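> What follows is a protein structure lacking sequence information:
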């Protein structure tokens, strides 16, 4: 690439028609998503908010069925506010990052109770609601209310970092240059779609990109190296034990504390999850059940990776006679209704392992 060629590309990269080209591409190639308003329709703030919360750290493909279930069950924010947190957690089970579900319900209650069921239309007021941070506030403000702001998700970060060949600190500032004088929500969704379908993490289809002629990273030939991120830190491996106890066709479960990891979710009883795990100490935390004196350890372990640490759980099983009482704070639930419980994926794995794959469908 000659110096003159590089200068030409740089001028094109700064061209004022870039937002218009982006929107023209979006009008032809926009994705049809269940939460997205059709051309000419006004976006529903409830559906925008719900989808943005669900999409945090989760793929569009995974979110689709959950979104449909939620809007069928609770068609507006007031309906969700009237639901119990347990119901919301049950519907959310399997989607992961369960603090989102708790904040989702808390936000619905706040909007319905304090704001008359109407979402605020500014980033500042949106950020005052539970579970809505800077990105989500900007996304709702832009997409639902056409506020002139640019949210930066993973797709937009990738597009902008390649377009300008810059590191993360400047991405927010430069993303705003892709906003035209109107249609802020469509501009944001256009960049999201561009990142999801064209400017993909590997083997981007640069020749199909409406902004290709001004892409600094492509001019350098290193577009796949952007965005450049610091190495991901992984916490120390933690271990623990889980106890799968059956009484005929029922299973012993309990509810986790409302706050903390997997708060309010259903689990089988278990030990603490510790980096310095000791089998004897873990067994000492087994539920005390009258007449139960022997545990059977299943071969292998259940593995699961949380955001901040990986986990290995040894699974112990036991069967008890009919009419055996559940220990305090625990309860028996029928195996056939397990899919109605607010079970996180790690517990679904544990139960499937303990029951030999029977009794619960994978999420």
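Happy to help now that I have it. Computed from a predicted structure; not experimentally measured. Numbers count the residues shown, from 1 in each chain.

> pLDDT below threshold where in the stretch 201-350 of the chain?
Within the stretch 201-350 of the chain, no range satisfies pLDDT under 70.

> Strands along that one, start to end?
238-247, 250-255, 266-267, 296-297, 302-305, 310-319, 330-334 (DSSP state E, counting those that start in this stretch).

> possible to save those as JSON lines with mean neighbour count and distance to residue 154?
No exception for glycine: its C-beta is placed from N, CA and C like everyone else's. Below are the strands of the stretch 201-350 of the chain laid out as JSON lines (neighbours: other C-beta atoms under 10 Å; distance: least, C-beta to C-beta, whole Å):
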{"stretch": "strand 238-247", "mean neighbour count": "22", "distance to residue 154": "27"}
{"stretch": "strand 250-255", "mean neighbour count": "20", "distance to residue 154": "33"}
{"stretch": "strand 266-267", "mean neighbour count": "20", "distance to residue 154": "30"}
{"stretch": "strand 296-297", "mean neighbour count": "12", "distance to residue 154": "41"}
{"stretch": "strand 302-305", "mean neighbour count": "16", "distance to residue 154": "19"}
{"stretch": "strand 310-319", "mean neighbour count": "19", "distance to residue 154": "22"}
{"stretch": "strand 330-334", "mean neighbour count": "15", "distance to residue 154": "38"}
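
> quick one, which of those strands is nearest to residue 158?
Judged by C-beta to C-beta, the one of the strands of the stretch 201-350 of the chain that comes nearest to residue 158 is strand 302-305, at 23.0 Å.

> ok, that closest one: who's next to it in the sheet?
Here strand 302-305 has these sheet partners by DSSP bridges: strand 310-319 (antiparallel).

> tell me the angle of the partner strand relative to strand 238-247?
Taking axes from the mean of the first three to the mean of the last three C-alpha atoms, to 10 degrees, one finds strand 310-319 and strand 238-247 inclined to each other by 20 degrees.

> Can you give the distance from strand 310-319 to the centre of its chain?
26 Å (C-alpha atoms, centre = their mean, to the nearest Å).

> can you give me phi and psi for the nearest residue to residue 236 once chain neighbours are set aside?
In this structure, residue 236 finds its nearest non-sequential neighbour in residue 275, 4.5 Å apart by C-beta to C-beta, 6 or more residues apart in numbering. The phi/psi pair for residue 275 (degrees, to the nearest 10) reads phi -70, psi -40.

> which residues are contacting the helix or strand harbouring residue 144?
Residue 144 is located in helix 134-145, with elements delineated by DSSP states H and E. Residues from elsewhere that reach helix 134-145, judged by C-beta atoms under 8 Å, 6 or more residues apart in numbering: 43-45, 48-49, 52-53, 56, 119, 121-124, 126-127, 132, 147-153, 184-185, 187-189.

> quick one on the thing from earlier: wait, doesn't the residue nearest to residue 236 sit right on residue 240?
No: Residue 275 lies out of contact with residue 240 (C-beta atoms under 8 Å); the separation is 10.5 Å.

> show me where the stretch 201-350 of the chain has helices.
Remark: helices assigned in the stretch 201-350 of the chain by DSSP state H, counting those that start in this stretch are 216-220, 279-283, 345-354.

> Of the ones you listed, which stretch is the most buried?
helix 345-354 (a mean of 22; mean count of other C-beta atoms under 10 Å).

> ok, now how distant is the closest residue in space to residue 225 that isn't next to it in sequence from residue 66?
Excluding the flanking residues, the one nearest residue 225 by C-beta to C-beta, 6+ apart is residue 217, at 7.6 Å. For residue 217, the distance to residue 66 equals 34 Å [C-beta to C-beta, to the nearest Å].

> hmm, back to that, which members of the contacts of helix 134-145 are positioned in strands?
Secondary structure assignment by DSSP state E places none of these in strands.

> Any of those buried? List them.
Neighbour counting by 16 or more other C-beta atoms under 10 Å classes 43-45, 48-49, 52-53, 56, 119, 123, 126-127, 132, 147, 149-153, 184-185, 187-189 among the contacts of helix 134-145 as buried.

> The helices of the stretch 201-350 of the chain into JSON lines, with extra columns for distance to residue 234?
Below are these laid out as JSON lines (distance: least, C-beta to C-beta, whole Å):
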{"stretch": "helix 216-220", "distance to residue 234": "28"}
{"stretch": "helix 279-283", "distance to residue 234": "23"}
{"stretch": "helix 345-354", "distance to residue 234": "17"}
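
> Which one of these lies nearest to residue 199?
So among those, helix 216-220 is nearest, using C-beta to C-beta, at 9.7 Å.
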